[in-house]
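> Below are the sequence and a predicted model; questions follow.
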Amino acid sequence: MHFHRLGLGFSPSSNPELRHCFVRAAALDQLLETPGVLELLAHELGATPAASTLSLVEQLESIRSRAIHLSVTRSPLRGLSVEEIIVLTAYSSCRFDHTALKRELSRRHTSHELHQACAGWLRQRSSVIHEGQRFGRPRWPMVGATSLDATSPTQFLIAVLPIADPTALDAQLEGLGAEANFAHEHYVACSLATALGYLAQQAHQTRPTHWDSLVLERKLRTFGVGLLLVEREGVLLYLPARYQSRPPSGPR
């Protein structure tokens, strides 16, 4: 069953690739269809207990109503959509560790896995991959180029920074702005676990705690940097980078 067809505010799109806090709508449907998950959500959100006497629609409506209440009151989830609240609740609670979605959201890629995935993505768009040091930009370890000739008028550069850990992501972001200006496009690449881990870090640094689903996107947009999500299926362009139309300077 696809819950958005019930008209209850869950995954309200016919597009299963629609994302909520980096999570596909189809994956959110699968989570809600997992036996026992509705009861766990009701408990975590403080909704009316999803007792066996309640129908599926009544259980969903109870969870939806509670999520909306949390979204419009002074709670850590204020301002979030129903879908985002469900994703972050499942991500934050160990009660959902048995679900396929939670296992996927918790799976961090190693630095080697990230580099391999990003290299494959760059090879589809470039003829050669350089280290950023070649361009005097050591923060960017991977730079795809369309030509071996750095001075070619048709040269096109794509810079990628793979980051495996949310703490490292937080530390790297501030320094990116000064170096996100030598290629035509610049991207940070990370796993779902790293992106959500960054949201969690930012949430717990605020007083009182407050989840902001767009905090990473706003930071990257400030620098004109895009976001690549690395999943089992490959690399997804989640947030397009700002295109730099001027030709990049040659190697230093």
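In hand now; what should we look at?

> which parts of stretch 192-203 are buried?
Buried residues in stretch 192-203, defined by neighbour count with 16 or more other Cβ atoms under 10 Å: 192-200, 202-203. Quick note: C-beta positions are derived from backbone N, CA and C, even for glycine.

> for the stretch 151-252 of the chain, what are the low-confidence residue spans?
The stretch 151-252 of the chain contains residues with pLDDT under 70 at 151, 246-252.

> the strands in the stretch 101-250 of the chain, which residues?
Secondary structure of the stretch 101-250 of the chain (DSSP state E, counting those that start in this stretch): strands located at 128-130, 142-145, 157-162, 185-191, 226-231, 234-239.

> about what we covered before: want to throw the buried residues of stretch 192-203 into CSV with distance to E104?
Converted to CSV, the buried residues of stretch 192-203 look like this (distance: Cβ to Cβ, whole Å):
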residue, distance to E104
L192, 7
A193, 8
T194, 13
A195, 12
L196, 11
G197, 14
Y198, 17
L199, 16
A200, 16
Q202, 21
A203, 20
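
> picking up where we left off before, closest one to D170 among the strands of the stretch 101-250 of the chain?
For these, the distance to D170 is smallest for strand 185-191, at 11.5 Å, taking Cβ to Cβ.

> how distant is that closest one from the center of its chain?
Offset of strand 185-191 from its chain centre (Cα atoms, centre = their mean, to the nearest Å): 11 Å.

> With just CA atoms, put that strand into CSV.
Extracted in CSV, the C-alpha atoms of strand 185-191 (Å, rounded to 0.1, in the frame of the first residue of the first chain):
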residue,chain,number,x,y,z
GLU,A,185,31.0,23.4,-10.5
HIS,A,186,31.9,22.4,-7.0
TYR,A,187,30.3,19.6,-5.0
VAL,A,188,30.4,18.0,-1.5
ALA,A,189,29.7,14.3,-1.6
CYS,A,190,28.6,12.2,1.4
SER,A,191,26.3,9.4,2.5
